[in-house]
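Chemist: after the sequence you'll find the predicted model.
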Amino acid sequence: AQSVTQLGSHVSVSEGALVLLRCNYSSSVPPYLFWYVQYPNQGLQLLLKYTSAATLVKGINGFEAEFKKSETSFHLTKPSAHMSDAAEYFCAVSFLNNNDMRFGAGTRLTVKP
Amino acid sequence: DAGVTQSPTHLIKTRGQQVTLRCSPISGHKSVSWYQQVLGQGPQFIFQYYEKEERGRGNFPDRFSARQFPNYSSELNVNALLLGDSALYLCASSLDRPNYGYTFGSGTRLTVV
């Protein structure tokens, strides 16, 4: 089945440390991959998306993700965590001519001072 | 430009009642999708509408219905509410299919008591 799996429901880092949130996808056709962030009591905000143009995708707020077909991964990274990065992060996948987007279960990022 | 607007932001209903949620997409976007997000989980696809036609439906019972109006706004209706319908309902606006990426509204928090 076409889906995404986020490894780790909770990730905790210190302020200034590297952020790494993991996402693996399952697909038999080329995927479109997305990372969204959700702050408490809000909707989802798009961080970045992969649409096959470039394997390294840069997004907002200093985040980036690399599409690795051989590993079926699309991990999200940020070199230096900020307190304001504390939120829930969702990886999602869609496909050409699909009518829906499939989300992972989410990873809650905590940033310690 | 206004973003995706959803109303109401919160509501409380009793089991067995009916509810209508509303969404206005970004200007120029012809597609509206609805998602249900239960606490602690990723969003689950309910419907996609494009140019007033239903294009896709997720694994939800017939108690859930929706429609899209000529101005591209949309309503989600849920009949015979169950306690398990308590969730954040998200509206997602897009140019066309989800592979273009979504812009989400802030959601409607529905509590069924």
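Modeler: Okay, I see it.

Chemist: near chain B, which residues of chain A show up?
Modeler: Contact residues, chain A versus chain B (C-beta under 8 Å from any C-beta of the partner chain): A:32, A:34, A:36, A:41-46, A:49, A:51, A:90, A:92, A:94-106. For glycine as for every other residue, the C-beta is placed from the backbone atoms N, C-alpha and C.

Chemist: can you rerun that using 10 Å?
Modeler: Contacts of chain A with chain B, taken as C-beta under 10 Å from any C-beta of the partner chain, map to A:4, A:6, A:9, A:30-34, A:36, A:38, A:41-46, A:48-49, A:51, A:88, A:90-106, A:108.

Chemist: can you give me the strands for the chain?
Modeler: With no chain named, the answer covers chain A. With DSSP state E as the criterion, chain A has strands at A:3-7, A:10-14, A:19-26, A:32-38, A:44-50, A:56-58, A:64-68, A:73-78, A:87-94, A:102-103, A:107-112.

Chemist: actually it's chain B I care about, not the one you picked
Modeler: Assigned by DSSP E, the strands in chain B fall at B:5-7, B:10-13, B:19-24, B:31-37, B:44-50, B:53-57, B:64-68, B:74-78, B:87-94, B:103-104, B:108-112.

Chemist: which residues touch residue 47?
Modeler: Since you didn't name a chain, this refers to chain A. Going by C-beta atoms under 10 Å, 6 or more residues apart in numbering or on different chains, A:L47 touches A:34-37, A:57-65, A:76, A:78, A:89-91.

Chemist: switch to chain B, that's the one I care about
Modeler: Applying C-beta under 10 Å, 6+ apart to B:F47 gives the contacts A:99-100, B:32-35, B:54-58, B:60, B:64-68, B:74, B:76.

Chemist: okay, now residue 68: neighbour count?
Modeler: Picked chain A for this. Neighbours of A:K68 under the rule other C-beta atoms under 10 Å in any protein chain shown: 12.

Chemist: the chain in question should be chain B.
Modeler: Neighbour number of B:Q68 under other C-beta under 10 Å is 23.
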